[in-house]
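Engineer: Build me a model from this:
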Amino acid sequence: MMGSGMMMGPGFMGRGGFVGMCSPAAAGFSGWRIARLEQVIKPTDTQRAKFDELKATSDKASEALRLACPTDVPTTAVGRMEFIEKRMEAMLQSIKTMRPAFEAFYATLSDEQKSRLDTPSDRGRFWRHLW
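Structural biologist: Predicted structure coming up:
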């Protein structure tokens with residue numbers, strides 16, 4: 001069923017359109033999410049080194065995503081598809097960059113901290129733009 005916004009229609013990219021796909025909020029672990037993660041998890045001194053590595057990796061991944069965004073919005077359907085493909089490839093690379101640092105940090109968490117992060121009601125705080 002194809003309605004408004006399906007495939008290449010006017011609402012295809014959501015409210016933010018192509019510009020929204022390149023916003024800091026769409027980049028996954030942008031700075032504010034790292035700050036929120038720090039507030040919720042409250043890393044201990046022992047966990048701080050892995051958290052700082054995660055933060056540095058997040059900055060690197062966010063910058064790579066930012067650089068993958070075009071300076072001009074594509075005007076053709078083919079151009080929009082190419083943009084989406086490049087953006088998805090950049091997002092996948094960002095996740096591959098982030099995952100080892102995140103897993104290393106996650107491994108340092110206590111069961112209580114993991115529970116705070118893993119609870120479905122908390123998922124929207126950090127992962128809203130990824131699912």
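Engineer: Around residue 68, count how many other residues there are.
Structural biologist: 18 (other CB atoms under 10 Å). C-betas here are computed from N, CA, C, even on glycine.
Engineer: For residue 105, give me its contacts.
Structural biologist: 47, 50, 51, 53, 54 (CB atoms under 8 Å, 6 or more residues apart in numbering).
Engineer: Please indicate which of the residues you listed are buried?
Structural biologist: Buried members of the contacts of residue 105, counted by 16 or more other CB atoms under 10 Å: 47, 50, 51, 54.
Engineer: Among the residues you listed, name the ones in strands.
Structural biologist: If you go by DSSP state E, these have nothing in strands.
Engineer: which among those residues gets closest to residue 112?
Structural biologist: residue 47 (12.6 Å; CB to CB).
Engineer: Please report phi then psi for the closest one.
Structural biologist: phi -80, psi -10 (degrees, to the nearest 10).
Engineer: In this structure it contacts residue 109, no?
Structural biologist: Yes - Residue 47 is within contact range of residue 109, at 7.0 Å (criterion: CB atoms under 8 Å).
Engineer: Are there residues contacting both of those two? Which ones?
Structural biologist: By CB under 8 Å, 6+ apart, the residues touching both residue 47 and residue 109 are residue 41.
Engineer: one step back: sort out which one of the contacts of residue 105 lies nearest residue 96 for me.
Structural biologist: Out of those, the member with the shortest distance to residue 96 (by CB to CB) is residue 54, at 14.5 Å.
Engineer: you'd agree that closest one is up against residue 102?
Structural biologist: Yes - when contacts are counted by CB under 8 Å, residue 54 is listed as touching residue 102 (6.0 Å).
Engineer: For the lengthiest helix in the chain, which residues meet the burial criterion?
Structural biologist: Ordering each helix of the chain by length in residues (DSSP state H) puts helix 77-107 first. Using 16+ other CB under 10 Å as the test for burial, helix 77-107 gives 80, 83-84, 87, 90-91, 94, 97-98, 101-102, 105-106.
Engineer: Tell me which helix or strand comes right after that helix.
Structural biologist: Note on helix 77-107: by DSSP states H and E, the next helix or strand toward the C-terminus is helix 111-118.
Engineer: now the angle from that next one to helix 77-107?
Structural biologist: Orientation note: helix 111-118 sits at an angle of 170 degrees relative to helix 77-107 (axes from the mean of the first three to the mean of the last three CA atoms, to 10 degrees).
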